[in-house]
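**Q** I would like to see how this sequence folds:
(one chain, ligands or ions: 3)
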Amino acid sequence: MVDVLLGLQWGDEGKGKIVDFFAPAYDIIARFQGGPNAGHTLYVNGEKIVLHQIPSGIFHENTINLIGNGVVLDAVTLRKEYDKVAAFGVDGRKNLFVSERTHLILPTHRALDKASELSKGNEKIGSTLKGIGPAYMDKTGRNGLRVGDLLDKNFTTQYIKLRLKHQRLLDSFGFNEDISEWEEEFFEAIEFMRSLKIVNGEYFINEKIASGKKVLAEGAQGSMLDVDFGTFPFVTSSNTISAGVCTGLGVAPQKIKDVIGVSKAYCTRVGSGPFPTELHDETGERLRKIGNEFGATTGRPRRCGWIDLVALNFACMVNGVTKIVMTKSDVLDAFEELSVCTSYGIDGKEEKTVPYQLSKVTIQPTYKKFNGWMTDTSRLKQHADLPQAMKTYIDFINQYLGVQVTHISNGPERDQLITV
Ligand code: GDP
Ligand code: IMO
Ligand code: MG
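**A** Residues are numbered from 1 along each chain as shown. Ligands and ions are numbered 1, 2, ... in the order given. From the prediction side, this is the model:
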């Protein structure tokens, strides 16, 4: 049986914390897409750690962590992260498994990401510059190198062949930065990777499922960054929605049970692209400050705004969301009045659907206003103790989406999670 946990907005919904919280109920935590563009923040014994490549179940001794075939993997980041978790007394070699079909991010992919973004000028995606787009392009273009290739004695030759191809592309961009240091690090990390547990991911996971083990598939990014269903072209290069679990791990759709969608009680976005409920005023500034909304991967300030139910409804639809975890509700504690976007005004008409080209239309969000609760909720443990104004706010969201908020996260720490 497989449950899925993924982001319903533009990423950074707090997935890492929630996976870490739910992990003891599962045998395996598996990443199925994305790469080191992800930044999943966890608090372990009160200490903060950000994971980019390793699944967020790594701090639980009896949990297997699988990097699935749908992921693009940066060996250098993985190696550094391995050392980071080791400092917490965790032996990554024990519980970490990598699919042999996982594509590798090469130093030239990072260079190509940078060159491509530079060439776009004002129209840049705002990529994390981790090489994600070029690595996925080489996968679908049938050129890329995979983790299984590391075990081949011709790996370096294969790399050099691909590098030559990339060099021609880089030349066409006029990119001439020296990447020899990246390459040095890369080959060191490749050596390290050879000591990890490289497995046939699809047999590995299906055998576990057949023997009754429970899997939680951990999404990266968010549904509105999905390459097909997000705000294209301002998206990432993978299928971030639940369907990505089937192709990203090799599990059949019938194996999937719950789809747990994570949403902030408001909304953020980092990088370029449309964001209908973005606040450019003091309120947006306050959300950023109180919510500490700065990218976990790049440190960039996150754009902030009110919760967008039109976009969330769309995300629930394409994912088949069965439960919602609402995070960062505590950030709203000090706001007198809250707004919830219930429709988009486009050309004088009220729409409740996400248009084809969100970036090409002018949207006037229609808001329903709610009273804030103006009380510190971050130490509350029981649903019954929540202020009535918060319950009203959440009830409205439940009704609008037709999916229940089953958990409310009221702080970054592991134990700050209320079951509804
Ligand atoms: P992810 O990419 O979805 O895992 O989310 P990030 O880790 O990038 O960003 C979420 C941020 O919010 C991190 O700094 C978390 O520590 C923090 N966080 C998670 N849940 C809560 C919450 O309920 N309340 C508050 N105040 N912070 C939270
Ligand atoms: P987590 O898993 C928020 C955004 C980037 C950029 C766009 C494309 O932490 O939620 P890419 O590097 O994929 O080419 O960037 O997607 N982006 C994220 N935003 N959270 C993430 O991951 C993101 N991963 C990518 O900012 O706008
Ligand atoms: Mg993040």
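**Q** ok, and residue 258, which helix or strand is that part of?
**A** strand 256-264 (DSSP states H and E).
**Q** mean confidence score for that strand?
**A** Averaged across strand 256-264, pLDDT comes to 98.
**Q** Same question for stretch 235-244.
**A** Stretch 235-244 shows a mean pLDDT of 98.
**Q** List the residues that contact the nearest residue to residue 265 once chain neighbours are set aside.
**A** Computed as Cβ to Cβ, 6 or more residues apart in numbering, the closest residue to residue 265 that is not its neighbour in sequence is residue 329, at 4.3 Å. The C-beta positions use only the backbone N, C-alpha and C, and glycine is treated the same way. With contact taken as Cβ atoms under 8 Å, 6 or more residues apart in numbering, residue 329 is in contact with 265, 377, 390, 394, 408, 409, 410.
**Q** remind me which residues of the stretch 301-420 of the chain are low pLDDT?
**A** Nowhere does the stretch 301-420 of the chain drop to pLDDT under 70.
**Q** Next up, the contacts around the residue in it positioned nearest to ligand 2.
**A** The minimum distance from the stretch 301-420 of the chain to ligand 2, using Cβ to the nearest ligand atom, falls at residue 302 (7.9 Å). By Cβ under 8 Å, 6+ apart, the contact list for residue 302 reads 12, 268, 269, 270, 288, 293, 294, 295.
**Q** Show me those residues that map onto strands.
**A** Within the contacts of residue 302, residues falling in strands by DSSP state E are 268, 269.
**Q** Output the contacts of residue 302 in JSON lines, with neighbour count, pLDDT and distance to ligand 3 appended to each entry.
**A** Converted to JSON lines, those look like this (neighbours: other Cβ atoms under 10 Å; pLDDT from 0 to 100; distance: Cβ to the ion, whole Å):
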{"residue": "12", "neighbour count": "28", "pLDDT": "97", "distance to ligand 3": "4"}
{"residue": "268", "neighbour count": "25", "pLDDT": "98", "distance to ligand 3": "10"}
{"residue": "269", "neighbour count": "25", "pLDDT": "97", "distance to ligand 3": "12"}
{"residue": "270", "neighbour count": "23", "pLDDT": "96", "distance to ligand 3": "8"}
{"residue": "288", "neighbour count": "18", "pLDDT": "97", "distance to ligand 3": "15"}
{"residue": "293", "neighbour count": "22", "pLDDT": "97", "distance to ligand 3": "11"}
{"residue": "294", "neighbour count": "13", "pLDDT": "94", "distance to ligand 3": "11"}
{"residue": "295", "neighbour count": "17", "pLDDT": "87", "distance to ligand 3": "7"}
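**Q** Residue 29 bridge partners, please.
**A** Residue 29 has these beta-bridge partners by DSSP bridges: residue 65, residue 216.
**Q** what about residue 341, which SS state?
**A** strand (DSSP: H, G, I helix; E, B strand; the rest coil).
**Q** tell me the helices in this protein, going along the chain?
**A** Here the chain has its helices, by DSSP state H, at 15-22, 75-86, 92-95, 107-120, 132-140, 155-173, 180-193, 201-210, 243-249, 282-290, 309-319, 388-401.
**Q** what about the spatially closest residue to residue 126 that is not a sequence neighbour, neighbour count?
**A** Setting aside the residues directly before and after it, residue 126 is nearest to residue 271 in space (Cβ to Cβ, 6+ apart), at 2.8 Å. Neighbourhood size, residue 271 [other Cβ atoms under 10 Å]: 22.
**Q** And for residue 280?
**A** Residues near residue 280, counting by other Cβ under 10 Å, number 10.
**Q** any idea of the pLDDT on it?
**A** Residue 280 is given a pLDDT of 97.
**Q** gap between it and residue 341?
**A** With distances taken as Cβ to Cβ, to the nearest Å, residue 280 is found 15 Å from residue 341.
**Q** Does the residue lying closest to residue 275 once chain neighbours are set aside have any beta-bridge partners, and if so which?
**A** Nearest residue to residue 275, sequence neighbours excluded (Cβ to Cβ, 6+ apart): residue 269, at 4.6 Å. Note on residue 269: beta-bridge partners residue 303, judged by DSSP bridges.
**Q** hang on, residue 269 packs against residue 276?
**A** No - Residue 269 lies out of contact with residue 276 (Cβ atoms under 8 Å); the separation is 10.2 Å.
**Q** shared neighbours, these two?
**A** Joint contacts of residue 269 and residue 276 (Cβ under 8 Å, 6+ apart) are residue 305.
**Q** Show me what from the stretch 1-150 of the chain comes close to ligand 2.
**A** Selection of the stretch 1-150 of the chain residues close to ligand 2 by Cβ under 6 Å from any ligand atom yields 7, 10-12, 37-40, 125-128, 130, 132-133.
**Q** buried subset of those residues?
**A** 7, 10-12, 37-40, 125, 127-128, 130, 132-133 (16 or more other Cβ atoms under 10 Å).
**Q** re earlier: need the max-distance pair from the contacts of residue 302.
**A** Largest separation among the contacts of residue 302 by Cβ to Cβ: 269 and 294, giving 13.0 Å.
**Q** For the closest residue to residue 199 other than its chain neighbours, give its distance to residue 270.
**A** The shortest distance from residue 199 to any non-neighbouring residue, by Cβ to Cβ, 6+ apart, is to residue 97 (5.1 Å). Distance of residue 97 to residue 270, given as Cβ to Cβ: 30 Å.
**Q** returning to that earlier point: what's the spacing between the residue nearest to residue 126 and residue 165?
**A** Distance from residue 271 to residue 165, by Cβ to Cβ: 28 Å.
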